[in-house]
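[1] no sequence on hand, only this structure:
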């Protein structure tokens, strides 16, 4: 830890790193030598980046271990050893289906949210073209989607599909009233995320699903940030397809699922064997699926209590930052947002530099800008909601988890205050 006299603040010179990030990213590594003696690599780091990934729950690891060591049989085989793996997969499928009020046969296991999103969009476009030979489909989505959606839409555009990005307000909410105006004769799918990964805004999913149904469109939602944190009922909400990823709710990395309503004859995305009812080829990741099932069970059982506790910490973080740090804007919708998300834009700093300096104090957060090219690049989400570029460069995202404490929140605010102050002084 820092010597007692140094604990109150970080060095005044650290704003220099901000300038280097703006003018010459190549020198960042050499600057860290200057900060080594001030670095606080605590025994227990403060992890405030749960939107990026979460710690695997111990119960999840325990559930997975037998299928990594003892029951390693291929679930496609006919003998009893392989049957144990197959039973484990179906048990997990049943658990996950129950959490979103779906049928078991509507849950298809994938490698994660990105694959699920790709499958939903690309094969919805293929389904439309199969039913309308010679005509490319048209996709409706929002400009604040995860890159798994944005980049897939760009690829589909290059293949001849049309894509329209629905307008959003300054908090990131899709403007439903204007969405219907964007529907064309060949529109085949409306895809809008359940909750935004950067600013935490929860979208009007039920209204959008109703609009899709009214116009005979498939409605897909990327629920990677929402599943395991918000109650979801695909039947009541009218959701046709839903993507989720295990590592966002205490499960392992490299596994997720796509819910596909039974009535939708979506083509398979990966060709090969007959796994997943001939819809997704490839030997199943049995330990990962088992782990995801356990994480789904635990996250939904603990959801209410954990959301209340995390929201209290999030609200304290927001209150202190808005009261104690000048020239800062809180991003996203104040009411319709994930309980663990707090996103701020600090005027006069570069978010990525601030995130690096917070890391020297043992605090893990995410920035809304990236300066890997030598110039700060503003997040597409910030651009879409109309944040001025100079302000958007100072974005920082804090996403809390159940293991965080009020003491960690207070420590984080104290360090952040001095970092922002010093970076602003150095930039003058």
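    Nice, I can see it. Note that the structure is a prediction, hence the values are computed from the model and not measured.

[2] ends of stretch 50-70, how far apart?
    32 Å (C-alpha to C-alpha, to the nearest Å).

[3] and for it, what's in contact with it?
    47, 85, 88, 197-198, 225, 247-253, 286-288, 290-291, 293-295, 298, 340-341, 366, 397, 399-401, 403 (C-beta atoms under 8 Å, 6 or more residues apart in numbering). Glycine gets a C-beta too; all of them are placed from N, C-alpha and C.

[4] among the residues you listed, which ones are buried?
    47, 85, 88, 197-198, 225, 247-253, 286-288, 290-291, 293-295, 298, 340-341, 366, 397, 399-401 (16 or more other C-beta atoms under 10 Å).

[5] now, those residues that are in helices?
    Counted as lying in helices by DSSP state H, out of the buried ones among the contacts of stretch 50-70, are 85, 88, 286-288, 290-291, 293-295, 298.

[6] got a markdown table for these, with pLDDT and distance to residue 334 too?
    Converted to a markdown table, these look like this (pLDDT from 0 to 100; distance: C-beta to C-beta, whole Å):
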| residue | pLDDT | distance to residue 334 |
| --- | --- | --- |
| 85 | 96 | 47 |
| 88 | 97 | 43 |
| 286 | 98 | 43 |
| 287 | 98 | 41 |
| 288 | 98 | 37 |
| 290 | 98 | 39 |
| 291 | 98 | 35 |
| 293 | 98 | 35 |
| 294 | 98 | 34 |
| 295 | 98 | 30 |
| 298 | 98 | 29 |
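
[7] any chance of the residues you listed in CSV, plus distance to residue 130?
    CSV is the format used below for those (distance: C-beta to C-beta, whole Å):
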residue, distance to residue 130
85, 34
88, 35
286, 33
287, 36
288, 31
290, 35
291, 35
293, 33
294, 38
295, 36
298, 40
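
[8] quick one: which of these is nearest to residue 99?
    Checking these against residue 99 with C-beta to C-beta, the nearest one is residue 293 at 9.6 Å.

[9] distance of the closest one relative to residue 131?
    34 Å (C-beta to C-beta, to the nearest Å).

[10] residue 116 belongs to a helix?
    Yes: with DSSP: H, G, I helix; E, B strand; the rest coil as the criterion, residue 116 is assigned to a helix.

[11] so what's it up against?
    By C-beta under 8 Å, 6+ apart, the contact list for residue 116 reads 110, 222, 243-245, 256-258.

[12] same deal with residue 81?
    71, 73.

[13] you'd agree residue 212 is up against residue 190?
    Yes: taking contacts as C-beta atoms under 8 Å, residue 212 lies within contact range of residue 190: 4.5 Å.

[14] neighbour count winner among the two?
    residue 190 (28 against 24; other C-beta atoms under 10 Å).

[15] confirm that the more buried one sits in a strand.
    Yes: counting by three-state DSSP, residue 190 is part of a strand.

[16] please name the nearest non-neighbouring residue to residue 307.
    In this structure, residue 307 finds its nearest non-sequential neighbour in residue 339, 4.5 Å apart by C-beta to C-beta, 6 or more residues apart in numbering.

[17] was I right about the one you found contacting residue 313?
    No: using C-beta under 8 Å, residue 339 makes no contact with residue 313, being 9.5 Å away.

[18] between the two, which has more neighbouring residues?
    The neighbour count for residue 339 versus residue 313, taken as other C-beta under 10 Å, is higher for residue 313 (23 against 20).

[19] and whichever strand or helix holds that one, what's buried?
    Secondary structure from DSSP states H and E places residue 313 in helix 286-324. In terms of neighbour count (16+ other C-beta under 10 Å), helix 286-324 has its buried residues at 286-300, 303, 306-307, 309-310, 313-314, 317-318, 320-321.

[20] identify the residues contacting the following helix or strand past it?
    For helix 286-324, the succeeding helix or strand toward the C-terminus, using DSSP H and E, is strand 328-331. Residues from elsewhere that reach strand 328-331, judged by C-beta under 8 Å, 6+ apart: 198-199, 318, 321-322, 342-347, 382, 385, 387, 391, 395, 420.

[21] taking those, please make a PyMOL selection of just the buried ones.
    To isolate the buried members of those in PyMOL, using 16+ other C-beta under 10 Å:
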select buried, resi 198+199+318+321+342+343+344+345+346+382+385+387+391+395+420
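
[22] so which of the contacts of strand 328-331 sit within strands?
    Secondary structure from DSSP state E places 342-346, 395 of those in strands.

[23] and which of those residues is nearest to residue 274?
    Using C-beta to C-beta, residue 343 comes nearest to residue 274 of the ones in strands among the contacts of strand 328-331, at 44.1 Å.

[24] give me the beta-bridge partners of the closest one?
    Under DSSP bridges, the beta-bridge partners of residue 343 are residue 331, residue 397.

[25] look up how far residue 291 lies from it.
    Relative to residue 291, residue 343 is positioned 29 Å away (criterion: C-beta to C-beta).

[26] same thing with residue 358?
    Residue 358 sits 30 Å away from residue 291, going by C-beta to C-beta.

[27] please apply the same query to residue 175.
    Distance, residue 175 to residue 291, using C-beta to C-beta: 39 Å.

[28] in the stretch 201-350 of the chain, where is pLDDT below threshold?
    Across the stretch 201-350 of the chain, nothing is flagged by pLDDT under 70.

[29] so who does residue 380 touch?
    With C-beta under 8 Å, 6+ apart, residue 380 has these contacts: 143-144, 150.

[30] same list (those residues) but as TSV, adding pLDDT, secondary structure and distance to residue 235.
    Shown next, in TSV, are the contacts of residue 380 (pLDDT from 0 to 100; DSSP: H, G, I helix; E, B strand; the rest coil; distance: C-beta to C-beta, whole Å):
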residue	pLDDT	secondary structure	distance to residue 235
143	98	coil	29
144	98	coil	26
150	97	helix	29
